[in-house]
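Peer 1: Model the following, please.
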Amino acid sequence: MDQKKLKQKLNVLNSSQMVLEVEKSLSLLTIFKLSKALNINMHRAYRNKRNIDYVSGLINSTHDYLYDRTLTTKASLWIYVTEVEKYEVDAYTRYEKVILKRKTNDDIFITIGTRANNFAKTNNLKTLQTFESTEDQNLVLKLISIIKTTYNTGQYSSVRMVVNSNKIHDRYMSIVPVNQVQASFWSYDGDQNQLKIDKKFIYPNADSFIENEINNYLMYIVQSLLIESSFYTAKNKLVSENKLLNKIEDDIFTIKRKLARIKSEKQIEEIVMLAKNKSFMQAIEDKNE
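Peer 2: Next up is the predicted model:
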């Protein structure tokens, strides 16, 4: 490649590097915002769960959302969430294998995202509701409404959410019953101090208190898992941008080295030519003498 083409390619790479640096900065900002929102929602869900556990223990509550129903039914409601796959190849196969292995013929599904929707169609899953993406307006409220309406029928033993995350060891998380939530999801040092709840918020109707806490818990746990899905995708985007930036930096370094070598070779050629001219002129002078 000649010097002109190398310089043109270098200009293109420098421009691409600038654009990617801006994209990387935006990705870091997005990750920061998502991380903050995730921590807030996880903490609230965690507090709600602790309140539920504490008060239900005080009154020996038998609320349907607290305990295992598998003695009466084995069916589950699944919520499968997928994001647009731009930055990681085949991110969801591992989750889909688990779904197909664990599901029963009576299970029903809510699918969110193109891949999840196609997966349900391909495998003839019983679909209760589909959403095009996690950007669907009022998605959290819609999901909670469907969860409560479906679970309250008494026909399902659990509600399971599947999102792309390294915090969920079983590839899915049971969010109902409340006592089945994986401890690994609370990946921060939550408030472990003894709960101090004013009795006026519990009595005279502790069941209403638990019902309210369950509603809040569902709100924050669903929101947390949706944010976790977006957070993981944003991290993959950042990893992809870093890899591309590293490649561009390597290419820039290689081209600059080639240009430096070309420049050095030209300088050597000029020196050789000057030396030859000097020798030629000296020879003429010697001959004239």
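
Peer 1: When you work out contacts or count neighbours from here on, use the C-alpha atoms and nothing else.
Peer 2: Will do.

Peer 1: can you give me the strands in the stretch 1-150 of the chain?
Peer 2: Ranges of strands in the stretch 1-150 of the chain, per DSSP state E, counting those that start in this stretch, are 76-81, 108-112, 127-131.

Peer 1: measure K5 to S264 for me?
Peer 2: 18 Å (Cα to Cα, to the nearest Å).

Peer 1: So, low pLDDT: which residues of the stretch 1-150 of the chain?
Peer 2: Filtered on pLDDT under 70, the stretch 1-150 of the chain yields the residue ranges 1, 71, 87-89.

Peer 1: Next, the contact list for N242, please.
Peer 2: For N242, the contact set (Cα atoms under 8 Å, 6 or more residues apart in numbering) comprises K24.

Peer 1: Tell me how far the residue sitting nearest the centre point of the chain lies from N60.
Peer 2: Nearest residue to the geometric centre of the chain (Cα atoms, centre = their mean): Y232, 1.6 Å. Computed as Cα to Cα, the Y232 to N60 distance reads 39 Å.

Peer 1: Let me see the mean pLDDT of the helix or strand where S230 lies.
Peer 2: Under the criterion of DSSP states H and E, S230 resides in helix 206-288. Mean per-residue pLDDT for helix 206-288: 84.

Peer 1: okay, the angle between that helix and strand 76-81?
Peer 2: Orientation note: helix 206-288 sits at an angle of 30 degrees relative to strand 76-81 (axes from the mean of the first three to the mean of the last three Cα atoms, to 10 degrees).

Peer 1: can you pull out the helices in the stretch 51-200 of the chain?
Peer 2: Applying DSSP state H, counting those that start in this stretch to the stretch 51-200 of the chain gives helices spanning 93-102, 114-122, 139-151.

Peer 1: To I268, which of those lies closest?
Peer 2: Nearest to I268 among these is helix 93-102; the distance by Cα to Cα comes to 58.5 Å.

Peer 1: what distance separates that closest one from the centre of its chain?
Peer 2: With Cα atoms, centre = their mean, to the nearest Å as the basis, helix 93-102 stands 18 Å off its chain's centre.

Peer 1: For the spatially closest residue to E21 that is not a sequence neighbour, give its distance to T254.
Peer 2: Spatial nearest neighbour of E21, chain neighbours left out: L245 (7.9 Å); criterion: Cα to Cα, 6 or more residues apart in numbering. L245 sits 14 Å away from T254, taking Cα to Cα as the criterion.

Peer 1: the more surrounded of the two?
Peer 2: More crowded of L245 and T254, by other Cα atoms under 10 Å: L245, with 19 against 13.

Peer 1: unless I'm mixing things up, that one is touching M18, no?
Peer 2: No: with contacts counted by Cα atoms under 8 Å, L245 stays clear of M18, the gap being 9.6 Å.

Peer 1: Got the phi and psi for Y67?
Peer 2: Dihedral angles of Y67 (phi, psi; degrees, to the nearest 10) stand at phi -130, psi 170.

Peer 1: doesn't S174 make contact with it?
Peer 2: No: Y67 is not in contact with S174 according to Cα under 8 Å; the separation is 11.8 Å.

Peer 1: Which one's more surrounded, these two?
Peer 2: A direct count of neighbours by other Cα under 10 Å for Y67 and S174 places S174 higher, at 19 against 16.
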